[in-house]
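Undergrad: sequence-free structure coming up:
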């Protein structure tokens, strides 16, 4: 799995129907917390989900009383906006058009993404989601700015 964590003061995602008969316009938003871009590969499963949820729940990037990044999202009562993002697996080594063969099959990726969000929520964190496979408009105010990336293929070896 690949996850980009952005510490935010606010974030939102809007899904606008692309054609008649699609689900109506939806919007999810959060205040202080993390906006996550989550990419899933076919090799990802429960081990990656549990490891990443634990690491992100305990990541200490919020300021303490001395202004040092020493508090986790659990400590500050923050929220999470989670967006499925297959383009984190873009292969740009050749040509100008990225390839996405490293991204997980849609059914698998959706299930793992939801499992990750449920695991993160099990820590007591409010987790809101975008819509899997939809065209979305994401807005955020990166706080710091703080942006951290996780890749289980590298970090869990």
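TA: Okay, I see it. Not measured: the values here are computed from a predicted model.
Undergrad: Which residues belonging to the host helix or strand of residue 118 are considered buried?
TA: Per DSSP states H and E: residue 118 is located in helix 106-121. Neighbour counts over helix 106-121 (16 or more other CB atoms under 10 Å) mark 108-109, 112-113, 115-117, 119-121 as buried. Quick note: C-beta positions are derived from backbone N, CA and C, even for glycine.
Undergrad: Just send those residues back as CSV, with distance to residue 35 and pLDDT too.
TA: What follows is the buried residues of helix 106-121, written out as CSV (distance: CB to CB, whole Å; pLDDT from 0 to 100):
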residue, distance to residue 35, pLDDT
108, 23, 97
109, 19, 97
112, 19, 98
113, 15, 98
115, 19, 98
116, 15, 98
117, 13, 98
119, 18, 98
120, 13, 98
121, 16, 98
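Undergrad: Could you dump those into TSV with distance to residue 89 added?
TA: Listed next are these as TSV, based on distance: CB to CB, whole Å:
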residue	distance to residue 89
108	13
109	10
112	13
113	13
115	18
116	15
117	19
119	21
120	21
121	24
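Undergrad: The residue lying closest to residue 78 once chain neighbours are set aside: how many residues sit nearby?
TA: Leaving aside its sequence neighbours, residue 78 sits nearest to residue 33 (CB to CB, 6 or more residues apart in numbering; 3.3 Å). If you count neighbours by other CB atoms under 10 Å, residue 33 ends up with 25.
Undergrad: before we move on, what about residue 42?
TA: Count around residue 42 with other CB under 10 Å applied: 12.
Undergrad: Does the residue nearest to it when sequence neighbours are not counted belong to a helix, a strand or coil?
TA: Distances taken as CB to CB, 6+ apart put residue 104 closest to residue 42, at 4.7 Å, once the chain neighbours are dropped. Secondary structure, DSSP: H, G, I helix; E, B strand; the rest coil: residue 104 is coil.
Undergrad: which residues does the residue nearest the centre of the chain bridge with?
TA: Centroid check for the chain by CA atoms, centre = their mean gives residue 36 as the closest residue, at 2.4 Å. Using DSSP bridges, the beta-bridge partners of residue 36 come out as residue 5, residue 82.
Undergrad: In contact with residue 112: list those residues for me.
TA: For residue 112, the contact set (CB atoms under 8 Å, 6 or more residues apart in numbering) comprises 1, 40, 44-45, 48-49, 104.
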